[in-house]
Every structure is written in structure tokens, then in C-alpha cells.
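Engineer: build me a model:
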Amino acid sequence: MTVYVFDSTLDGLLTAVFDSFFLHQQPEMLLAEGEQLPLFADEPHVVATDGEKAARVWKGLEKHLSAAGLRMIAISWFSEERALNQPLFNFICKVFRQPEMKNIERNASDPDVLAVRNTCRRVLHEQLRMKQFIRFQKAMDGTYLAVVSPDHNVLPLITDHFQDRFNDQPWLIYDAHRHYGYYYDGGTVVRVTFEDEAAVPFDLTNGKLDDDVLSSDDALFQQLWRTYFKAICIRERINPRKQLSDMPRRYWKYMTEKN
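Structural biologist: Sure, this is the predicted structure:
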């Protein structure tokens, strides 16, 4: 059994595709570093990530895939799911091994294509929910903060939306699970991290700003929003199952109306 091991980066996976063709191999298994090797596997080929090789593979994909197919690959990668590695690798290899097949990314009967498509769909659904469920708080300096913890790494996919919608005010959206965020100063969006998260003026477990930095008017608006949320609720028509379907419980800890 031929096994490839890569560093869990997209460039690493694309380099694995390059090596597969260069070495005239079709590995039965692509593993991320740290994953257990199968019992009867040959000595694995350790993929040395190479940006130039990865770029060559991507340029090749641009020649054989539609813009939708390329987007499907890029978005699915934001899932961070290890289960995606093998079908994505197989899918990309099929693009080059079956160049006569047009619109291969639409072939839902292929299990690898279907796996990539479904992963892409889950990521897009998650980024849509982030747009719906993000709740900002206003700090005394005028910056708006939102803390999130999405299942998939969707922050890079939603910053354009918030930059367009709130282009006249500074904001910070921080991913507590992945320990990074994006800050908008009114002109540009930059990626930010904190050396010491314990020192930040907000609680990563519920996203709440510390009282000494929370704007006084925002505290009032939060209370008004909770009151409004309760007031519009028709008790006779409460449907917990439907509510959990539309607004999964994992988002509640960062939502003003649920705290």
C-alpha cells in the first residue's frame, strides 16, 4: 500500500498531487502528519511542501476546471476536516487523469466529487449562519466586537460582507476556537492575534466585553434587545425543535438575546 504523508496545508496537498504524477504513483492513502499509518503500509512518502509545485498544480486546475469547481475546492478546504483530505486529493488527481471529462465537479455520482461538494456546502451554510448570528457589542472607544466559535474556519469568507455592511465603523470579529480574528479600522481589514488572550478585555467563553470597556449606551441597547426578543415571542406558538433547527444551540452562548 502506497501512503503519502503531508503537513495538513492546501499547498501540501497540491504538492502531494504533483509528486503523485512526477513519481507515477497513485497512493491509496493520503494522511496528515500525526495520523496513524495502516498496519501493512509501505514506507510512506513524506511530502515536502513546495509553493512552486503547488502553484503549478493550481494553474493546471484553472485550465481544466470551471470557476465554480475551483471555488468548490477552495471553500471546502476551510472546513478543516481531515476526512476531506483523501477525497479532495482523489478529486484533483481525477481532474488531470480524466481531462476528457467536462464539468467533472458536477459529477455527483463520483463519491470523491460528492464528498468535496458536500463539504463545500457545509462550509457555505456555516458562513451564512455566521452572518445571521453574529452579535456586536460597542466598546467605549467606538469599536464593535463580536466573538464567534464556528465549526469551520469561515472568518475569511465573511469579512467582505461586514466590511461592506459596516464600512463606516471599526469592528473586530474574533474566532475564540482558532485564536485569531479580523479587525477593520474603517479602511482596511487586517488579521489579528493576541499574545496573551487572558489579558483581552472580553470573555472568550461568552464573548461579553468587560464592564469597564463596554459602552454605556450599548448596555442599554442589549437590554432593550432582550426585552424586544421576549415581547415578540408568542408563547402559544413556541416550537423548540424548529428553533433549534434554525438557530442551533452551539451559537447561543454568543447571542445577546440568549444570555
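
Engineer: L145 contacts A176, correct?
Structural biologist: No. Counting by Cβ atoms under 8 Å, A176 is not a contact partner of L145; they are 11.6 Å apart. Just so you know, the C-beta spots here come from the backbone N, C-alpha and C atoms, and that holds for glycine as well.

Engineer: need the residues touching each of those two.
Structural biologist: G207 (Cβ atoms under 8 Å, 6 or more residues apart in numbering).

Engineer: what number of residues lie near K59?
Structural biologist: Using other Cβ atoms under 10 Å, K59 has 9 other residues around it.

Engineer: distance of it from Y4?
Structural biologist: Per Cβ to Cβ, to the nearest Å, K59 is found 21 Å from Y4.

Engineer: what ranges do the strands span in this structure?
Structural biologist: With DSSP state E, the ranges of strands along the chain come out as 3-6, 29-32, 45-46, 137-138, 144-148, 171-175, 180-184, 189-192.

Engineer: what's the separation between W58 and D175?
Structural biologist: According to Cβ to Cβ, W58 stands 26 Å off from D175.

Engineer: about what we covered before: higher neighbour count, L145 and A176?
Structural biologist: Neighbour count, other Cβ under 10 Å: between L145 and A176, L145 has more, with 25 against 20.

Engineer: distance check, the more buried one against G187.
Structural biologist: 18 Å.

Engineer: just to revisit the earlier point, to A54, which of the strands of the chain lies closest?
Structural biologist: Evaluated over the strands of the chain, closeness to A54 peaks at strand 3-6, with 10.8 Å, by Cβ to Cβ.

Engineer: so how far is that closest one from its chain's centroid?
Structural biologist: How far strand 3-6 lies from its chain's middle: 24 Å, per Cα atoms, centre = their mean, to the nearest Å.

Engineer: equivalent analysis for stretch 230-248, please.
Structural biologist: Using Cα atoms, centre = their mean, the offset of stretch 230-248 from its chain centre is 28 Å.

Engineer: list the buried ones in it?
Structural biologist: Within stretch 230-248, the residues scored as buried using 16 or more other Cβ atoms under 10 Å are M247.

Engineer: now do the same end-to-end measure for that stretch.
Structural biologist: For stretch 230-248, the first and last residues are 18 Å from each other (Cα to Cα, to the nearest Å).

Engineer: tell me the mean pLDDT over that stretch?
Structural biologist: Throughout stretch 230-248, pLDDT has a mean value of 79.

Engineer: which parts of this protein are helices?
Structural biologist: 10-22, 51-64, 67-77, 85-97, 111-133, 155-165, 216-231, 240-246 (DSSP state H).

Engineer: quick one: which of these is nearest M255?
Structural biologist: Shortest distance between M255 and those, using Cβ to Cβ, is found for helix 111-133: 6.1 Å.

Engineer: send me the closest one as CSV with only the CA atoms.
Structural biologist: Written as CSV, here are the backbone C-alpha positions of helix 111-133 (Å, rounded to 0.1, in the frame of the first residue of the first chain):
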residue,chain,number,x,y,z
PRO,A,111,-18.0,9.6,-4.4
ASP,A,112,-14.9,11.8,-4.2
VAL,A,113,-16.7,14.7,-6.1
LEU,A,114,-19.7,14.3,-3.9
ALA,A,115,-17.7,14.4,-0.7
VAL,A,116,-16.0,17.6,-1.7
ARG,A,117,-19.3,19.1,-2.8
ASN,A,118,-21.0,18.2,0.4
THR,A,119,-18.1,19.6,2.5
CYS,A,120,-18.2,22.9,0.5
ARG,A,121,-22.0,23.1,1.1
ARG,A,122,-21.4,22.7,4.9
VAL,A,123,-18.9,25.5,4.9
LEU,A,124,-21.1,27.8,3.0
HIS,A,125,-24.0,27.0,5.3
GLU,A,126,-21.8,27.8,8.3
GLN,A,127,-20.7,31.2,6.8
LEU,A,128,-24.3,32.1,6.2
ARG,A,129,-25.2,31.3,9.8
MET,A,130,-22.2,33.5,11.0
LYS,A,131,-23.7,36.4,9.0
GLN,A,132,-27.0,35.8,10.7
PHE,A,133,-26.0,35.1,14.3
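
Engineer: sounds good, over and out.
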